[in-house]
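> Sharing a sequence plus its predicted fold:
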There are 2 protein chains.
Amino acid sequence: MTEPLQDDRNPTIDAQFKALSDGTRRALLEYLVREGEQSVHALTAIAGVSQPMVSRHLGKLKRAKLVTARRAGRETYYSARSKGLAPVVQWMAVYGALWSQRFTALEGMEA
Amino acid sequence: MTEPLQDDRNPTIDAQFKALSDGTRRALLEYLVREGEQSVHALTAIAGVSQPMVSRHLGKLKRAKLVTARRAGRETYYSARSKGLAPVVQWMAVYGALWSQRFTALEGMEA
DNA sequence: CCCATTCATAACCATTTGGTTATGACGTAG
DNA sequence: CTACGTCATAACCAAATGGTTATGAATGGG
């Protein structure tokens, strides 16, 4: 509704698109979405990269509000954050709708 | 449909998310979507960056198949490519649907 | 024919990014 | 108490990224 005058820089959307732009990160996220809460250990097993890198990817996903972390003993469990995608979905709804008429039923979503 | 075994690296989706992860690029794209075909000149006027940078951003959007270019005389006109968002939308449809039940009516979309 | 406009590319720079190995903090199990 | 398992952070590196100014290739107008 608020007209993006010339540059609607939005930190959250920025962070989310950037977070989603990496294949490894998407794979982690997809795994969390499909399999539910997972420890870093488990995620390291399925990601093709080292454990520190997994931690860093998860950190970025967390800062993008796409996942949440729950510490339990020596393990940290990450889960996909529902509502996490909302900002991106909203962007898609607005511009995708204008773009073509292929979008519908995406409204009623709050960041 | 094809189960992402552990890492569904998809160059197009990668490129699209990456392309969308920059605010300036999104602003250019949004402008094209809202105002239709525009010359680089016009786009430079609304983007907050130099003309070469606009060209480079447009190049990246083009490689991501989000815009198309049409050369006319000394001007190049860019337009948002309809269907461009399809891969991203598809990803959103699949994972967004799993993610929460907030997604619907996103199927029937082809890349 | 010359000059100006439009655009893309080159050269350069600082920062970010994805990756690694090494280390350290903390919890748990003998 | 010691040893191991889990995770995050540090240090480091090469490559990509966003930005700039300078240049060059076309096209169009006087």
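Received, thanks. Numbers count the residues shown, from 1 in each chain, chains lettered A, B, ... in the order given.

> In contact with residue A:42, which residues?
By Cβ atoms under 8 Å, 6 or more residues apart in numbering or on different chains, the contact set of residue A:42 is empty. Glycine gets a C-beta too; all of them are placed from N, C-alpha and C.

> where's it relative to chain B, distance?
According to Cβ to the nearest Cβ, to the nearest Å, residue A:42 stands 12 Å off from chain B.

> what's the helix or strand for that residue?
Take DSSP states H and E as the rule and residue A:42 turns out to sit in helix A:40-46.

> Using neighbour counts, pick out the buried residues of that helix.
Residues of helix A:40-46 classed as buried by neighbour count (16 or more other Cβ atoms under 10 Å in any protein chain shown): A:40, A:42-44.

> could those residues be laid out in JSON lines, adding pLDDT?
Listed next are the buried residues of helix A:40-46 as JSON lines, based on pLDDT from 0 to 100:
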{"residue": "A:40", "pLDDT": "98"}
{"residue": "A:42", "pLDDT": "98"}
{"residue": "A:43", "pLDDT": "98"}
{"residue": "A:44", "pLDDT": "98"}
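
> List just the nearest of these to DNA strand D.
DNA strand D lies nearest to residue A:40 out of these, by Cβ to the nearest atom of the strand, at 3.4 Å.

> Just give the nearest non-adjacent residue to the closest one, would you?
In space, and not counting its chain neighbours, residue A:40 is closest to residue A:76: 5.4 Å by Cβ to Cβ, 6 or more residues apart in numbering or on different chains.

> residue ranges with poor pLDDT in chain A?
A:1-9, A:98-111 (pLDDT under 70).

> Near DNA strand C, which residues of it? Just list them.
A:18, A:21-22, A:24-25, A:49-50, A:52-53, A:56-57, A:60, A:73-74 (Cβ under 7 Å from any atom of the strand).

> Next, give me the two most distant ones among these.
Across the residues of chain A next to DNA strand C, the longest distance by Cβ to Cβ is 33.1 Å; it joins A:21 and A:73.

> okay, the two: which has more neighbours?
residue A:21 (19 against 5; other Cβ atoms under 10 Å in any protein chain shown).

> where's the helix or strand following the helix holding residue A:42 relative to the chain centroid, distance-wise?
Downstream of helix A:40-46, the first helix or strand assigned by DSSP H and E is helix A:51-63. On the basis of Cα atoms, centre = their mean, to the nearest Å, helix A:51-63 sits 12 Å off its chain's mean C-alpha point.

> how about the strands of chain A, start to end?
Using DSSP state E, the strands of chain A run over residues A:38-39, A:67-72, A:75-80.

> What pairs with the shortest one, parallel or antiparallel?
Right, strand A:38-39. Strand pairing for strand A:38-39, determined by DSSP bridges: strand A:75-80 (antiparallel).

> Right, I'll call it a day here.
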